[in-house]
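> next input, structure requested:
(2 chains)
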There are 2 protein chains.
Amino acid sequence: MSFHQHTLANGLTLLGETIPASRSVAVSFYVRTGSRDELPSESGVSHFLEHMMFKGTPTRSAAEVNLAFDRIGASDHTNASTGEETTEYYTAVLPEYLPAAVDVLADMLRPSLRDEDFVTEKQVILEEIKMYEDSPGAMAWDYAKERYYAGHPLGNSILGTTASITALSRDRMQGYYDRRYVGPNMIAVAAGNFDWDHYVELIGSLCARWPATPAGRSNISEPPGIGGVHLLSRPDATQQHMLVMMPAPAADSPLRYAAGTLALAVGDYTGSRLYWQLVDPGLVESASFLTDFNHGAGLAAATFSGDPDTTAANLAVVQKVLADVQRDGITADELTQAQNKITSRIVRYAERPSGRMRAIAGAWLATGEYADVDRELGRYEAVTLDDVRAYLDRYPITASTVVGYGPVTSLN
Amino acid sequence: MSFHQHTLANGLTLLGETIPASRSVAVSFYVRTGSRDELPSESGVSHFLEHMMFKGTPTRSAAEVNLAFDRIGASDHTNASTGEETTEYYTAVLPEYLPAAVDVLADMLRPSLRDEDFVTEKQVILEEIKMYEDSPGAMAWDYAKERYYAGHPLGNSILGTTASITALSRDRMQGYYDRRYVGPNMIAVAAGNFDWDHYVELIGSLCARWPATPAGRSNISEPPGIGGVHLLSRPDATQQHMLVMMPAPAADSPLRYAAGTLALAVGDYTGSRLYWQLVDPGLVESASFLTDFNHGAGLAAATFSGDPDTTAANLAVVQKVLADVQRDGITADELTQAQNKITSRIVRYAERPSGRMRAIAGAWLATGEYADVDRELGRYEAVTLDDVRAYLDRYPITASTVVGYGPVTSLN
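Reported below is the predicted structural model:
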């Protein structure tokens, strides 16, 4: 296993981990762009644009893009996703099909954005928004982020709204594309069985003419959360979703490892404090402690969902857990168990080339450095109770913004 | 990568693929038992018993079983599943935790089957049956198998019915357990980074006293399908589910490779004949060509679901596709594309130790032989148009039993 990197003249950075024992290769393009990079007037454009990438190029129709993946056996390993700050396009193939895979990926990233496709796909996006609105857990998270961030762009919705998508024009999308899909704002990452020099040559020939315009990101501040209690009333919902949100380290902070470890001890889906206090006795449907480490700012949240009538009592349990942990930290046993879980997850995740590809991209986008599996494991294994204390002192988990989504209108 | 096998004095067979480059190890016990091995009076007992395995042993409570997995970071890689002819219990851990993982797995497979746990878990199973009944696609498949097999035990329901589960006694379950969970009827399979000799010693010390009683299987005949058209009317369903079922090779038949390849060309979820004829033009919600290769008998089915009003017309399209393929076979391009898909899937599946473990177990249970990735790939790569013809001649895909589930009461 060895790591390689190269940057083209236009700023596009190529990363690769060659794993000769592997029998496949995963490859993807990452764009440092997402909902946080959208203007209010273009809310949802990142995700809509991601859909448009599959709709054809000057040399391929939408059907031909799909057929190209299908022919090389890649159709069920090909996809894309859009987040707050990254948009990803990936595939995985047998080694002999890497050139064909890179050819279609690079081509689809220079899309035609044809008017008729834009109009058709807009309906698909509007449908997706409606389906999303039927998912209370997802809506609760969106609403909670928006309230917590109180105007900071990390609170932006990824899907956008019916209004913002309806109002979006093709030219606006083209403008966003021209601004964000530029060499210095993208990386191409491969992992698995492939020849690095050949890969560099291939990407070089296909992507050398992509624009070299620099693309930045505005507002990298670290918001502390708006504070207070915010209840969005949904009288027709049967369950109440609650999120107790607090600041957390940014993606490039060394405190991230202690934060990630503590999150498992406090709120893993099994064997954690929230599990034993709330889930195991049947007081709630589910409970968790989430972390979301982003560029310049992070967010953590203790969450639970369940019977609206017991919401206030369950919230008190959560707040007591958080206060206890804030005061006393976690135990050595809890730390060890959380470390066993997280190292096991990292190792399992890294077993496939596609897992390595994502891990390499994630580390690079967060810190600009390469993290191999051993280094990443080492960082979690090195977490001590003192590190947990340092994290809690810097980002108190009691400094909370409480957000509710469901039938509850008052916590008194 | 090297393969090992060993059989204990009581008939329990141990299989292992050691992969020194791996950072984890997957381990599981497979029992050659499932719904086809149940008496009519114990329908659903295999699956119910699988649940009971997590409910405690003479030395561990249910909570202690779960805690044992949780402590070694294995909780999200541990599970069990029950099928028509195999029941599986698996986990995956970091190499240093293999002894602890095997210890709890071997212990849980000698369960206490306590009365009070049996009564509590029975309610969980009855809930699961109710939830399953809300899933028309799954119910359609169950109903179709039952009709097609017309009394052959491969048509048995895995979950059982509300009536059969309600009537099931703890002693009946104990009897089934004593009959089926015996050394000669089980295998223990490991793949990944582990020491084979140590593993044999470990399993030997934990499982040597398991009973050596032989366990067979009755009725290994190859039913041709009952034929005809069978419509189960569900007036409240919004979609119609249709299955055109036909015999297919058994799991140990060399024709299986041609059958699996043809299935992708005819009915893969994208880029197949049914996809282009039915899904792409929007005539149906979904269409597929399934294969189910079992001990002594196989089954294939062209399926689709969609608007009840167009069911008869869509069925005619499916029957025309099947007749065309039966007469002319598939093209060389279709064969190549299907081979690319299937080899890509095999390789991706085999990338993790848990994937290797399942592949080794599957091949062993089907044929009693070890199949490494290259051998398996080679068998699909070797499929020719003549092999496809030989398969079609032996198992005509036009020899069908048509089964419907939904609002349609007549196809005229």
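> partners of the residue lying closest to A:S410 once chain neighbours are set aside in the sheet?
Closest residue to A:S410 apart from its sequence neighbours, by Cβ to Cβ, 6 or more residues apart in numbering or on different chains: A:L231 at 7.3 Å. C-betas here are computed from N, CA, C, even on glycine. For A:L231, the beta-bridge partners under DSSP bridges are A:G404.
> got a pLDDT number for A:G404?
pLDDT, A:G404: 98.
> so what's the residue count around it?
Around A:G404 there are 26 other residues, counting by other Cβ atoms under 10 Å in any protein chain shown.
> quick check: residues of the stretch 251-400 of chain A near chain B?
Contact residues (Cβ under 8 Å from any Cβ of the partner chain) of the stretch 251-400 of chain A with chain B: A:269-271, A:337, A:340-345, A:347-348, A:350-353, A:373.
> 7 Å - rerun?
Counting by Cβ under 7 Å from any Cβ of the partner chain, the stretch 251-400 of chain A comes close to chain B at A:270-271, A:337, A:340-341, A:343-344, A:347-348, A:351-353, A:373.
> distance check, A:D134 against chain B.
16 Å (Cβ to the nearest Cβ, to the nearest Å).
> what residues are up against that residue?
Not one residue lies near A:D134 by Cβ atoms under 7 Å, 6 or more residues apart in numbering or on different chains.
> any idea what the residue in the stretch 101-250 of chain A that chain B sits nearest to is bridged to?
The minimum distance from the stretch 101-250 of chain A to chain B, using Cβ to the nearest Cβ, falls at A:G192 (9.0 Å). On the basis of DSSP bridges, A:G192 is bridged to A:T18, A:V25.
> which stretches of the stretch 1-150 of chain A have low pLDDT?
Counting by pLDDT under 70, the stretch 1-150 of chain A shows no low-confidence range.
> point me to the residue of it nearest chain B.
Here the stretch 1-150 of chain A gets closest to chain B at one residue, A:G73, 3.4 Å apart by Cβ to the nearest Cβ.
> and the helices in the stretch 101-250 of chain A?
Along the stretch 101-250 of chain A, the segments classed as helices by DSSP state H, counting those that start in this stretch run A:115-133, A:136-149, A:162-167, A:170-180, A:196-207.
> thinking again about what came up before, just want to check the distance between the residue of the stretch 101-250 of chain A closest to chain B and A:A92.
The gap separating A:G192 from A:A92 is 8 Å, by Cβ to Cβ, to the nearest Å.
> tell me which stretches of the stretch 201-350 of chain A form strands.
Using DSSP state E, counting those that start in this stretch, the strands found in the stretch 201-350 of chain A span residues A:228-233, A:240-248, A:286-293, A:298-306.
> dump these to JSON lines, plus distance to A:S28, mean neighbour count and mean pLDDT.
Formatted as JSON lines, the strands of the stretch 201-350 of chain A follow (distance: least, Cβ to Cβ, whole Å; neighbours: other Cβ atoms under 10 Å in any protein chain shown; pLDDT from 0 to 100):
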{"stretch": "strand A:228-233", "distance to A:S28": "36", "mean neighbour count": "16", "mean pLDDT": "96"}
{"stretch": "strand A:240-248", "distance to A:S28": "26", "mean neighbour count": "25", "mean pLDDT": "98"}
{"stretch": "strand A:286-293", "distance to A:S28": "20", "mean neighbour count": "20", "mean pLDDT": "97"}
{"stretch": "strand A:298-306", "distance to A:S28": "24", "mean neighbour count": "24", "mean pLDDT": "97"}
